[in-house]
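>>> need a 3D model of the sequence below.
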Amino acid sequence: MALQKNDFIEIEFTGKIKDGEIFDSNIKEDIDKAQLKTKPEPFIFSLGQGMFLKGVDDFLIGKEIGKYDIELNPEDAFGKRDSKLVQIIPMKIFHGQKINPFPGAVFNFDGRIAKIISVSGGRVMTDFNHPIAGKNILYKINVKRKIEDLNEKVKYFIEFLFKQNFDFEVKDTQKGTSKKLIIKTPKQFTQFVEMFKDKFKEIFDLDLEAQEIKKKSDKESQ
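The predicted structure follows:
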């Protein structure tokens with residue numbers, strides 16, 4: 001059966017620059033070959049939900065379980081290079097953070113990754129383009145299986161959204177016409193989790209409730 005938007009699938013993959021080096025993979029041999037800092041772990045994601053590169057998503061929707069070679073141009077991959085994203089930053093900004101910039105170094109500027117191109121006097125030329133922007137890339141994809149178990153799908157989606165393994169349960173509602181997803185979170189996360197109610201309804205048709213984890217009293221913990 002053809003894969004559809006919102007389907008959860010497990011894949012093995014390797015991404016490389018066309019006629020160039022591997023930049024991402026979850027396959028041990030390729031990770032070792034390219035000396036990547038990733039781990040050979042299963043990768044599970046939902047099609048069409050921004051959990052993987054959109055160009056790969058778009059290609060796989062309508063396909064069957066199996067192996068594929070996918071070539072993407074920059075527009076469908078990491079974008080074209082933008083000269084406006086090459087900027088000069090005063091050296092005092094780096095010194096204020098006790099950082100010594102040098103060509104080739106990569107830094108995180110409030111969530112924006114930049115590579116140092118050159119350092120001249122009090123001027124540091126930085127490139128905020130994605131490192132693979134402007135490149136044609138190739139992905140080797142092995143779609144191993146489609147995930148059918150609801151709890152497994154919810155687990156991976158929670159990990160993707162919140163970068164944590166929150167406990168959860170799926171329960172029938174009192175009327176029995178729908179199901180409710182209860183995610184158990186520390187107090188500081190409850191409002192944040194509930195911001196994704198519409199997304200859980202769209203993908204899983206589940207009504208989301210964030211339930212605060214109650215701390216045990218001193219007496220109970222003894």
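>>> which one's the longest helix in this protein?
When the chain is parsed with DSSP state H, its longest helix is helix 150-162.
>>> list the buried residues for the following helix or strand past it?
Next along the chain after helix 150-162, taking DSSP states H and E as the criterion, comes strand 167-172. Buried residues in strand 167-172, counted by 16 or more other CB atoms under 10 Å: Phe168. To be clear about C-beta, it is placed using only N, CA and C from the backbone, and glycine gets the same treatment.
>>> in its sheet, what does strand 167-172 sit against?
With DSSP bridges as the test, strand 167-172 is paired with strand 179-185 (antiparallel).
>>> show me how far the partner strand is from its chain's centre.
Distance of strand 179-185 from the chain centroid (CA atoms, centre = their mean, to the nearest Å) equals 22 Å.
>>> what's the answer for stretch 170-187, then?
Stretch 170-187 sits 26 Å away from the centroid of its parent chain (CA atoms, centre = their mean).
>>> ok, now stretch 33-51?
Using CA atoms, centre = their mean, the offset of stretch 33-51 from its chain centre is 8 Å.
>>> quick check: end-to-end length of that stretch?
For stretch 33-51, the first-to-last residue distance is 25 Å (CA to CA, to the nearest Å).
>>> do stretch 180-192 as well
Start-to-end span of stretch 180-192 (CA to CA) is 18 Å.
>>> so the longest helix of the chain versus strand 167-172, what angle?
Between helix 150-162 and strand 167-172, the angle comes out at 130 degrees (axes from the mean of the first three to the mean of the last three CA atoms, to 10 degrees).
>>> buried residues in helix 150-162?
In helix 150-162, counting by 16+ other CB under 10 Å, buried: Lys153, Val154, Lys155, Tyr156, Phe157, Ile158, Leu161.
>>> what sits up against that helix?
Outside helix 150-162, the residues that touch it by CB atoms under 8 Å, 6 or more residues apart in numbering are 8, 44-46, 51, 147, 164-166, 168, 170, 181, 183, 189, 192-193, 196, 199-200, 203-204, 206.
>>> if we go to 6 Å?
If you take CB atoms under 6 Å, 6 or more residues apart in numbering as the criterion, helix 150-162 is touched by Phe8, Ile44, Met51, Ile147, Phe166.
>>> and the protein, what are its domain boundaries?
8-78+133-148, 83-127, 151-221 (automatic domain parsing).
>>> out of those, which is the most enclosed?
domain 8-78+133-148 (a mean of 16; mean count of other CB atoms under 10 Å).
>>> spatially central residue in the chain, please.
Met51 (5.2 Å; CA atoms, centre = their mean).
>>> pretty sure that residue contacts Phe45?
Yes: using CB atoms under 6 Å, Met51 is in contact with Phe45, at 3.7 Å.
>>> Leu181 versus the closest residue to Ser178 other than its chain neighbours, what's the distance?
The shortest distance from Ser178 to any non-neighbouring residue, by CB to CB, 6 or more residues apart in numbering, is to Asp207 (6.2 Å). According to CB to CB, to the nearest Å, Asp207 stands 7 Å off from Leu181.
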